[in-house]
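J.: what shape does this take:
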Amino acid sequence: MKMSELVARRMYDLVEPIGLVPYFADESDEALLALGLRNVWDAYFAGRAAPLGRGVPAEVVHAIFYNFAPGEVARHLPRVWDLTTPEAALSARERGCVAGMRRILGALADDPGVARAGDLLLKAATSAPVEGRPLYAALRALPVPQEPVARLWHAATLLREHRGDGHTVALVAEGIGGTEAHVLHALSVDLPAKDFGRVWHLPAAQLTAVIDGMRARGLVGTDGWLTEAGRATKERVEALTDRLAEAPYNALTPAELAQLVADLEPISATFRKTFPM
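T.: This is a model prediction of the structure:
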């Protein structure tokens, strides 16, 4: 692995816990549900799809998000925009995430390291090309918060979606579909697909058909676990994802990168203690 890929992987480990705030801190869902949304999945799709705007069809959001089973996006979009607006959803999501971050970080939220990390992370997050990265590009078009905790969360979200867009490219390059991506990940960490949180709710026949298709391609063995070819595929997906995530960090000098890592370490460690990662 090249040094730049090691940097991308190290930064993923530090940034991902911040990027997960909307999904593990209750304050985000609470702020969105207060807008009149029906359930937490309404909140998820309203919050995450809001940068794309009201007029983007469910089919397009499905393609961009990539890893939802057919029909799941359409159960929430565009219905959520009859209940609220993208602008209100963006404001509520940010407000809830900042509240959640402050609760979890406690006194650390006002440490000078948070402001430094937010500024440096934003420098990286706004430096990469947007071509081929639809969700990252949509987020780049939003105003940047000035409050330090909000700024840090916004920068982490930009980088998470930048990496996510690249991960989709890596999956497409390997011919791994959206539901297959969840099966591939679950089996790679020795977890039966039926027990994995993102696909366990699917009808058994639907999940079985996905696994059978992967078995026919030599990715899953007769024992239900990844074959050597399946594990090699997963490794290639992760390696390409890391390579495609390098660009933002090239904007930082070695000294800036070292300072960013030092400032993010206690922040990320605090979130890791709180979130089930």
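J.: measure the closest residue to Arg9 other than its chain neighbours to Val61 for me?
T.: When the adjacent residues along the chain are set aside, Arg9 lies closest to Asp242, with 5.2 Å between them (Cβ to Cβ, 6 or more residues apart in numbering). Just so you know, the C-beta spots here come from the backbone N, C-alpha and C atoms, and that holds for glycine as well. Shown here: Asp242 relative to Val61, a distance of 26 Å by Cβ to Cβ, to the nearest Å.
J.: again with Ala232
T.: As for Ala232, its distance to Val61 is 31 Å (criterion: Cβ to Cβ).
J.: kindly report the same for Ala204.
T.: The separation that Ala204 has from Val61, given Cβ to Cβ, amounts to 27 Å.
J.: give me the number of residues near Val172?
T.: A count of nearby residues for Val172, using other Cβ atoms under 10 Å, gives 12.
J.: for the helix or strand where it lies, what is the distance to the chain centroid?
T.: Under DSSP states H and E, the secondary-structure element containing Val172 is helix 148-173. In this view, helix 148-173 has its centroid 6 Å away from the chain centroid, taken as Cα atoms, centre = their mean, to the nearest Å.
J.: looking at Ala232 and Val61, which one has more neighbours?
T.: Counted by other Cβ under 10 Å, Ala232 and Val61 do not tie: Val61 has more neighbours, with 21 against 13.
J.: got the phi and psi for Val220?
T.: Note on Val220: its backbone torsions stand at phi -120, psi 140 [degrees, to the nearest 10].
J.: I'd guessed it sits against Thr208; true?
T.: No. Contact status for Val220 versus Thr208: not in contact, 11.2 Å apart, counting by Cβ atoms under 8 Å.
J.: distance of Arg95 relative to Ser28?
T.: Taking Cβ to Cβ as the measure, Arg95 and Ser28 are separated by 9 Å.
J.: so which residue is dead centre in the protein?
T.: In the chain, the centroid-proximal residue (Cα atoms, centre = their mean) is Arg160; its distance is 5.0 Å.
J.: quick check: closest non-adjacent residue to it.
T.: Gly19 (3.4 Å).
J.: and the one you found, what does it touch?
T.: For Gly19, the contact set (Cβ atoms under 8 Å, 6 or more residues apart in numbering) comprises 156-157, 159-160.
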